[in-house]
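Here is my input, please return the structure:
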Amino acid sequence: MKKSVKTKNFKINTMRYIVLTFLMTLILNQSYSQWLQTGGPAGGFINSIVINGSVMLAATENAGVFVSTNSGGSWIQSNNGLTNTTVRSMILSGSTIYAGTFGGKVYSSINNGASWIQLPASPGITFNMLKSGNNIFVCNSGGVYVSLDNGTTWNVQNSGITDQNIRSFAINGSTLFCGSYGGKVYKTTNNGSNWTDVTNNLSTGNIRTMVFNGANLMIGCDGGAYLSTNNGANWSLASSGLSGSIPNSLILNGSTIIAGTNSGIYTTVNNGTTWQPGAAGLNNLYVLCSAVNGTSLFAGTNGGGVNLSVSSGTFSQMNSGMNIVEVNYLVTSGSTLYACTLGDALVSTTNSGATWSSMHNGLTSSDIRGLAFIGGNMFIGTASKGMFLSSNNGANWITINGGFSYPYINT
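Prediction:
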């Protein structure tokens, strides 16, 4: 009798456990299914910008390509056929757009990014690209690769290159230059069959970018900007006004050279004899690339997405639809939600994420490591610029580093 009662109780308890487990699973599944995507924060890492008529394409880190047909007013992700979505470089040749990826593949599009076709062969990771006539040049840590048949085959062309970690190209007529991350500059006049070292008196760090202005070649490197007026036979420092900034990109607009640096935009009209800071308003000062369309200057940033300056006016964010910014952590205060992002520093929302506002006026670092509220004041700790204080809910910030000998704040 006792055995049957125990058996009966065991069955009842087992059934209760099964029912309870089922109900908990159902509740958890329903809870997880209630998540909805907010309207931001918007932004992302922009590695390259290409403009083809009224269409603009932005190459991003980890999210592929975004396309805008209204000067950046809104963006649509366009990765049809693009299986490697970390796009490091894009170039326009005629009506064809080429995209080189960190995954080692190169793609082409003949319809402004609506669809992409993978080229038959792979040159490996792509840091930069250049198209000259029928030749496509790609550079990476293995040197220079060239394809003479639209990507069907690739050949390594490193004869004469001793530092093969190549990151940049520039071309003037039939003379092609490349720069390495070890500070070397090489040139070729036979499409890369042989290269000549023209580093000569140049003594600097990693070479990140280069551009021709007429017969003058300017490079951007860890040591600033340098200029050669004789195809690399000699180099001179051309960094007055850059204030220690490191150029990540150099482009030519008429006779003006525009530098996207780790501390904003700079311009020079005299080949680097003097530089002037660009317009204010960038939501992220670390500029990776830039592009010009008429009076519009677009800056692609290191996490803050695309910024636009019209006729040298204040920059504004142009990231609608580009919700790929990385959020480090969230903090609430009253009815306001604050998001500390990797790129757009601090943003906030008062309507559950439907819209977001940037709060970076006075913040000179986008790498926030801590946020705290004390009374009516907000305090921010950053990875490289120390502490910041705002007494007006983040509208403005000032540095408060008195007594700090090391400006790295971890939390």
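
got the CA positions of stretch 268-279 in CSV?
Provided in CSV are the C-alpha atoms of stretch 268-279 (Å, rounded to 0.1, in the frame of the first residue of the first chain):
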residue,chain,number,x,y,z
THR,A,268,45.8,73.0,-47.0
VAL,A,269,45.9,75.1,-50.2
ASN,A,270,49.7,75.3,-50.4
ASN,A,271,50.8,71.7,-50.3
GLY,A,272,51.2,71.5,-46.6
THR,A,273,53.1,74.7,-45.9
THR,A,274,50.3,75.5,-43.6
TRP,A,275,47.2,73.5,-42.6
GLN,A,276,43.9,74.9,-41.3
PRO,A,277,41.4,72.9,-39.1
GLY,A,278,38.2,72.0,-40.9
ALA,A,279,34.6,72.7,-39.8
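
Name the residues that touch that stretch?
Here stretch 268-279 makes contact (Cβ atoms under 8 Å, 6 or more residues apart in numbering) with 213, 216, 218, 225-227, 238-242, 255-259, 264-267, 297, 309, 312-315. In short, each C-beta sits where N, CA and C put it, glycine included.

Now the buried members of those.
Buried positions within the contacts of stretch 268-279, assessed by neighbour count (16 or more other Cβ atoms under 10 Å), are 213, 216, 218, 225-227, 238-239, 241-242, 257-259, 264-267, 297, 309, 315.

which residues touch Pro245?
In this structure residue 245 is Ser, not Pro. Gly224, Ala259, Thr261, Asn262, Ser263, Gly264, Tyr266 are the contacts of Ser245 under Cβ under 8 Å, 6+ apart.

10 Å instead?
By Cβ atoms under 10 Å, 6 or more residues apart in numbering, the contact set of Ser245 is 220, 224-225, 239, 259-266, 275, 277, 285, 287.

With Gly64 instead?
58, 77-80, 82-87, 99, 101, 107, 113, 116, 324.

cool, Trp116 as well?
Going by Cβ under 10 Å, 6+ apart, Trp116 touches 64-65, 78-84, 87, 97-99, 105, 107-110.

name the helices or strands packed onto the helix or strand hosting Leu288?
In the assignment (DSSP states H and E), Leu288 maps to strand 287-293. Secondary-structure packing of strand 287-293 (3 or more Cβ pairs under 10 Å, 6 or more residues apart in numbering; DSSP states H and E): strand 46-52, strand 55-60, strand 247-253, strand 256-261, strand 264-268, strand 296-301, strand 306-310.

again, only this time at 6 Å
Strand 287-293 makes packing contacts with strand 46-52, strand 247-253, strand 256-261, strand 296-301 when contacts are defined by 3 or more Cβ pairs under 6 Å, 6 or more residues apart in numbering; DSSP states H and E.

quick revisit: which of the contacts of Trp116 are buried?
Using 16+ other Cβ under 10 Å, the buried ones in the contacts of Trp116 are 64-65, 78-79, 82, 84, 87, 97-99, 105, 107-109.

Looking at these, which are in strands?
Judged by DSSP state E, strands contain the following of the buried ones among the contacts of Trp116: Val65, Val87, Ile97, Tyr98, Ala99, Tyr107, Ser108, Ser109.

Surely the last one is in contact with Ile97?
Read that as Ser109. Yes. Using Cβ atoms under 6 Å, Ser109 is in contact with Ile97, at 4.7 Å.

just checking, Lys385 touches Ser366?
No. Lys385 lies out of contact with Ser366 (Cβ under 6 Å); the separation is 9.6 Å.

who's more crowded, those two?
Between Lys385 and Ser366, Ser366 has the larger neighbour count (other Cβ atoms under 10 Å), namely 26 against 19.

Let me see the contact set for the nearest residue to the more buried one once chain neighbours are set aside.
The shortest distance from Ser366 to any non-neighbouring residue, by Cβ to Cβ, 6 or more residues apart in numbering, is to Ala345 (4.5 Å). Residues near Ala345 by Cβ atoms under 6 Å, 6 or more residues apart in numbering: His360, Leu363, Ser366, Ile368.

Least confident of these?
Scanning the contacts of Ala345 for pLDDT, the low point is Ser366. It has 71.

circling back to that earlier point, identify those among the contacts of Ala345 that sit within helices.
In helices, judged by DSSP state H, none of the contacts of Ala345 are found.

so what's Ser391 up against?
By Cβ under 6 Å, 6+ apart, the neighbours of Ser391 are Asn377.

Pull the most distant pair out of the buried ones among the contacts of Trp116.
Ser78 and Lys105 (16.4 Å; Cβ to Cβ).

I'd like the ones in strands among the buried ones among the contacts of Trp116 as JSON lines, with pLDDT appended.
Listed next are those as JSON lines, based on pLDDT from 0 to 100:
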{"residue": "Val65", "pLDDT": "97"}
{"residue": "Val87", "pLDDT": "96"}
{"residue": "Ile97", "pLDDT": "96"}
{"residue": "Tyr98", "pLDDT": "95"}
{"residue": "Ala99", "pLDDT": "96"}
{"residue": "Tyr107", "pLDDT": "96"}
{"residue": "Ser108", "pLDDT": "95"}
{"residue": "Ser109", "pLDDT": "97"}
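
Could you point out which residue ranges in this protein have low pLDDT?
1-37, 39-40, 342-344, 404-406, 410-411 (pLDDT under 70).

residue ranges for the helices of the stretch 1-150 of the chain, please.
Using DSSP state H, counting those that start in this stretch, the helices of the stretch 1-150 of the chain run over 2-32.

separation between Asn111 and Ile49?
Distance, Asn111 to Ile49, by Cβ to Cβ, to the nearest Å: 18 Å.

Give me the more crowded residue out of those two.
The neighbour count for Asn111 versus Ile49, taken as other Cβ under 10 Å, is higher for Ile49 (24 against 13).
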